[in-house]
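Novice: structure, please.
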Amino acid sequence: MGQEIKNFDVSELVLWTENPRDPISINASDQDIADKAWRDEKGKWKLEKLAKEMESHYDFSELPTVVIKKDKPIVYDGNRRIILAKFYYGLIDLPGFDKSIMPKFPRKIPCNLCTEGIAIHNIYRKHANSGSWTILDRDIFLHRLMGKAKTTLVKLEEATNLISTNPHLNQRFVRDEIFKEGKLKEMGFGFNENDGFESKHSKDESIQILEDIADKVKNKVITTRKNRGKIIEVLEKKSRDIIEKNKDKLYNGLKFEDFKPEFSETGKSPRKPRRVKKGENQLFGKTLPLIRGDVANLYRDIVDLNDFYQKDKNKLSESFAGLIRMSLRLLAETAAKEKKYKLQDYLISRYDEAKEKLDQDEKTSLYTQNVTKKNITNLLHIGAHTYTASSNYSQTMAISLILGEILKIDYERK
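Specialist: A predicted model of the protein is given here:
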C-alpha cells in the first residue's frame, strides 16, 4: 500500500523546507527552519502553545508523515512536533523558549513512512479544509505539489505580493468573485501565456486600482452580502477614471517586482525612498524600513556616517572606511543580542533566507568581494582591529547588502 510504521531517531529526521505552513529555501537547515518557526512572523507555528497543549508527554496517537528522499527521511507532516523533539534533545536551539513547559519526548519516534504521493494526498486531506490553511496556502499547495493550474490569487501574489501584505484579501470570495479573470479584464488587468501579470495601466495607476480594491474589501464595502459582483462601480472616481481612460490600450507586460513592498495593509503606499542611481554608494543597497528601537537608531547613524564619508572622502584618510566596517559589526551585535543570539549564530541562521532576497547584481557583489555565510562573521570582526582589510570599502558595501536583508527578517516595519 506504500505505507508502513517505522521508528526514527529524532536526529535522523529532516524538517521539510516546502511546508505549506511557511516554506523556506530548499537549502535551509533544520536550524534555519526552527529559527523561522520560532520567529513565527505569520503566526502559523505557535510552538510554545503546542508544547503546552501536549502537557507531560508526547502523544503517539498522531504519527508524523515521513518520505525518504535522497536517502533522507523528510518530515512532510508533523514538523512542529519534530522541532520540539529536536529542541528537547539539543539538536537545535530556540533562544528564549520556556523549557519548563516541554513534554517528555522519546528518542525514537514512530512515523508513517510512505511514498511522496500518499504523503501529499494525506496532508491535503487533513489540512486543506481544516481551517489551518488559508485559501492562498491551499492554492499554492495544489499548484506546487499536486500539479494543478495556478489560481488568479496565486498569480497575483507572485506578481505583486498584494495578498500577503493585505491578509484580508486572502478569502475565497475575493479569489472567485473579485480577482477572477473576467473581472480583472474589466479593470484592465490580465495574465499572459506564462501566467505573468499584465496591465493596461502605468505602475502608479495599477497600484492605485489594486490598493483601492484592497481598501474596499478591508472596509467591507464589498462582501459576500454587500455590493456582490459590483467591483468597478464601488471604486473611487480616480480609479474608475483610470480604467476608462486606458480601456482601449494594449497590455504592457508591466513588471511588478520592483515595487512589491509598496503595497501595505493600510491600503496606502508608504513614501518611496529616493531611487539611487547606478554608481552611487548607498549603504545596505536601499533604505531599510526598520521598527523603532536601538537597531533602527544605530542603522540611521551608520547611514549618516556613510553619507559623510561619501561627501568628504577626498579630505579623509584611507582608514576612515574602517569606521564604517566597525559600525556594521556593532549593528549586527546589537541585533543579535536583542534576539538572544551569539553574533555568529545570528548571522548564520538568517544568511540563506536573506541572500534569497538579493537581486543578481547584489549576489554578484557578495561573490566578487568574497562575502560568504562561512566568513561573514570574521569579516565583521576584522572591523574591530586595525587591519588593512577593514578599510576595503567595496567589501564593506557588499557586507552591508546581506546584513541589511538579515536585519529586515527581524526588524522590518510591517
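
Novice: and what about Gly117, helix, strand or coil?
Specialist: helix (DSSP: H, G, I helix; E, B strand; the rest coil).

Novice: so what's the nearest residue to it once chain neighbours are set aside up against?
Specialist: Once flanking residues are discounted, Gly117 sits nearest to Gly2: 7.6 Å by C-beta to C-beta, 6 or more residues apart in numbering. C-beta here means a position set from N, CA and C on the backbone, and glycine is covered the same way. By C-beta atoms under 8 Å, 6 or more residues apart in numbering, the contact list for Gly2 reads 114-115, 117-118.

Novice: which of the three states applies to Ala149?
Specialist: Ala149 ends up coil, using three-state DSSP.

Novice: now do Tyr367
Specialist: Tyr367 ends up helix, using three-state DSSP.

Novice: all further residue positions should be reported with the first residue as 25.
Specialist: Got it, first residue is 25 now, which makes that one Tyr391.

Novice: what's the neighbour count on it?
Specialist: 11 (other C-beta atoms under 10 Å).

Novice: rewinding a little: Ile92 versus the residue nearest to Gly141, what's the distance?
Specialist: As for Gly26, its distance to Ile92 is 12 Å (criterion: C-beta to C-beta, to the nearest Å).

Novice: what's the local residue count around Ile406?
Specialist: So Ile406, with other C-beta under 10 Å, has 23 neighbours.

Novice: dump the helix or strand where Asp369 lies to CSV, restricted to CA.
Specialist: In this structure, Asp369 sits in helix 367-380 according to DSSP states H and E. What follows is helix 367-380, C-alpha atoms only, in CSV (Å, rounded to 0.1, in the frame of the first residue of the first chain):
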residue,chain,number,x,y,z
LEU,A,367,26.8,37.1,16.7
GLN,A,368,27.9,34.1,14.5
ASP,A,369,24.8,32.1,15.3
TYR,A,370,22.6,35.0,14.5
LEU,A,371,24.2,35.7,11.1
ILE,A,372,24.4,32.1,10.0
SER,A,373,20.8,31.3,11.0
ARG,A,374,19.4,34.0,8.8
TYR,A,375,22.0,34.2,6.0
ASP,A,376,20.3,31.9,3.4
GLU,A,377,16.9,33.4,3.7
ALA,A,378,18.4,36.9,3.5
LYS,A,379,20.5,36.0,0.4
GLU,A,380,17.4,34.8,-1.4
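
Novice: by contact count, what packs against it?
Specialist: Other helices and strands packing on helix 367-380, by 3 or more C-beta pairs under 8 Å, 6 or more residues apart in numbering; DSSP states H and E, are helix 54-63, helix 345-362, helix 400-406, helix 417-435.

Novice: Gly309: which of those is closest?
Specialist: Closest to Gly309 of these, according to C-beta to C-beta: helix 417-435, at 4.8 Å.

Novice: tell me what angle the closest one forms with helix 367-380.
Specialist: With axes from the mean of the first three to the mean of the last three C-alpha atoms, to 10 degrees defining the directions, helix 417-435 sits at 90 degrees from helix 367-380.

Novice: mind giving me the domain split of the protein?
Specialist: Annotated domains of the chain cover 27-151, 159-286, 318-435 [automatic domain parsing].

Novice: the stretch 225-374 of the chain: helices as residue ranges?
Specialist: 227-242, 261-269, 318-336, 345-362, 367-380 (DSSP state H, counting those that start in this stretch).

Novice: other residues contacting the fourth one?
Specialist: Going back to what we said before, that points to helix 345-362. With C-beta under 8 Å, 6+ apart, helix 345-362 has contacts from 307, 317-319, 322-323, 325-326, 329-330, 333, 366-367, 369-371, 404-408, 410, 414-417, 420, 423-424, 427, 430-431, 434-435.

Novice: apply 6 Å and report the result again.
Specialist: 318-319, 322, 326, 330, 367, 370, 404, 407, 414-415, 417, 420, 423, 427, 431 (C-beta atoms under 6 Å, 6 or more residues apart in numbering).

Novice: ok, of these, which come out buried?
Specialist: Neighbour-count burial (16 or more other C-beta atoms under 10 Å) is assigned, among the contacts of helix 345-362, to 319, 322, 326, 330, 367, 370, 404, 407, 414-415, 417, 420, 423, 427, 431.

Novice: straight-line length of stretch 67-87, end to end?
Specialist: Terminal residues of stretch 67-87 are spaced 23 Å apart (C-alpha to C-alpha, to the nearest Å).

Novice: Glu160 reaches Ile187, doesn't it?
Specialist: You called it Glu, but residue 160 is Leu. Yes - with contact defined as C-beta atoms under 6 Å, Leu160 reaches Ile187; the gap is 5.5 Å.

Novice: pull up the overlap in contacts between the two.
Specialist: Asn194.

Novice: between those two, which one's more packed in?
Specialist: Per other C-beta under 10 Å, whichever of Leu160 and Ile187 has more neighbours is Ile187, with 25 against 21.

Novice: element containing the more buried one, please.
Specialist: Assigned by DSSP H and E, Ile187 falls in helix 186-189.

Novice: run the chain-centre distance for that helix.
Specialist: Offset of helix 186-189 from its chain centre (C-alpha atoms, centre = their mean, to the nearest Å): 12 Å.

Novice: list of residues touching it?
Specialist: 160, 180-181, 193-194, 234, 287.

Novice: from the residues you listed, which two are the most distant?
Specialist: Largest pairwise distance in the contacts of helix 186-189, by C-beta to C-beta, is 15.7 Å, between Leu160 and Leu234.

Novice: tell me the pLDDT of the residue in the chain sticking out farthest from the centre.
Specialist: Here the chain reaches farthest from its C-alpha mean at Lys339, the gap being 41.8 Å by C-alpha atoms, centre = their mean. With respect to pLDDT, Lys339 scores 78.

Novice: kindly report the same for Gln27.
Specialist: Reported pLDDT for Gln27: 91.

Novice: spatially nearest residue to it (excluding sequence neighbours)?
Specialist: Nearest to Gln27 is Cys138, by C-beta to C-beta, 6+ apart, at 4.3 Å.
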